[in-house]
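*Asks:* kindly generate the corresponding structure for this input.
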Amino acid sequence: MFDLSDKVSIVTGGNGGLGLAYGRGLVKCGSKVAIWGRDERKNATAVAELREMGGDVEAFVCDVTDEANIASVFEQTIERFGSVHACFANAGGGGFRGMSHMTSRADWLKTIDLNLMSVVQTWAPVTDYMLKHKTGGKLVVTSSVAALVGTGGAAGYSTTKAAVRGLVQALAVELGQAGIQVNAILPGFIETEMSIQTSQAFQDAAKRRSAIGRIGKLEDMEGIAAFLASCQSDFMTGQSVVLDGGHTIHPM
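*Replies:* Numbering: from 1, shown residues only. Okay, the predicted model is just below:
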């Protein structure tokens with residue numbers, strides 16, 4: 001049902017964490033994968049892993065806050081793979097920390113650029129390609145459960161992760177009749193190199209909030225990528241898929 005053997009998927013931030021987990025799921029179902037990441041060393045390591053799994057994979061050095069860089073890398077991707085079927089706008093970051101009223105305009109704009117405008121800029125050439133070639137396709141963004149629950153000290157992160165949900169709904173309507181589906185993935189606390197650097201108290205709280213009694217693992221994220229890239233999600237658009245082990249429905 002999830003055969004992606006004739007598909008090409010772009011994954012930004014695909015050289016580690018959630019992005020690499022998406023890549024594993026896509027490769028397991030046969031998709032060719034273009035990794036866009038800033039760190040050339042991490043790119044090479046991710047490519048080696050996915051090729052070891054049998055994937056047709058290439059990495060491109062890309063900064064998703066640089067519009068000109070994105071345009072260039074997209075052209076390189078098309079030259080290498082010949083087409084694009086799915087684009088996972090996964091790259092982003094935590095943004096500023098601290099009280100929002102004490103945060104500078106520059107830091108607010110930097111967070112918006114990192115987590116919202118990067119998605120707009122990444123999807124722009126992909127959408128243009130899909131519309132011109134009348135191929136249809138899939139646009140997917142990594143949001144967060146922080147878009148649904150309060151996160152004190154991280155207002156910029158919550159705000160931008162909520163904003164991409166609005167973008168998803170607007171583009172789902174805008175692009176729906178062209179056969180392009182647009183959806184968001186909202187992970188809860190997933191065990192990654194970055195997340196395990198948080199305090200033990202924070203990790204323990206995340207586990208307590210989980211309805212299933214554990215925090216997420218990277219392998220929990222593989223299947224949703226394959227589903228959203230496949231034709232099985234053709235009737236699903238404008239949606240926010242929450243993968244949080246029940247965190248958002250389970251009181252402390």
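*Asks:* can you give me the helices in this protein?
*Replies:* Counting by DSSP state H, the chain has helices at residues 17-28, 40-52, 67-81, 105-112, 118-133, 155-175, 200-209, 222-229.
*Asks:* nearest to residue 147, of the ones you listed?
*Replies:* Evaluated over those, closeness to residue 147 peaks at helix 155-175, with 4.0 Å, by CB to CB. (C-beta placed from N, C-alpha, C; glycine too.)
*Asks:* which strands or helices does the closest one pack on?
*Replies:* On a contact count with 3 or more CB pairs under 8 Å, 6 or more residues apart in numbering; DSSP states H and E, helix 155-175 meets helix 105-112, helix 118-133, strand 137-142, strand 180-187.
*Asks:* in that helix, what counts as buried?
*Replies:* 155-165, 167-169, 171-172, 175 (16 or more other CB atoms under 10 Å).
*Asks:* what's the burial count for residue 246?
*Replies:* Look at residue 246: counted by other CB atoms under 10 Å, it has 13 neighbours.
*Asks:* touching, it and residue 214? I think so.
*Replies:* No. Taking CB atoms under 8 Å as the definition, residue 246 is not a contact partner of residue 214, at 10.4 Å.
*Asks:* show me what contacts the residue nearest to the spatial centre of the chain?
*Replies:* With distances taken as CA atoms, centre = their mean, residue 90 lies nearest the centre of the chain, 2.4 Å away. By CB atoms under 8 Å, 6 or more residues apart in numbering, residue 90 lies in contact with 11, 12, 13, 14, 18, 19, 22, 141, 142.
*Asks:* what pLDDT is listed against the last one?
*Replies:* To tie it back to what came earlier, the one meant is residue 142. Predicted confidence (pLDDT) for residue 142: 98.
*Asks:* so it versus residue 166, what's the distance?
*Replies:* 15 Å (CB to CB, to the nearest Å).
*Asks:* what's the answer for the second one, then?
*Replies:* Relative to residue 166, residue 12 is positioned 20 Å away (CB to CB).
*Asks:* point me to the residue sitting farthest from the middle of the chain.
*Replies:* In the chain, by CA atoms, centre = their mean, residue 102 is the one farthest from centre (29.2 Å).
*Asks:* and residue 61, which of the helices of the chain is closest to it?
*Replies:* Once the helices of the chain are compared by CB to CB, helix 40-52 is nearest, at 5.5 Å.
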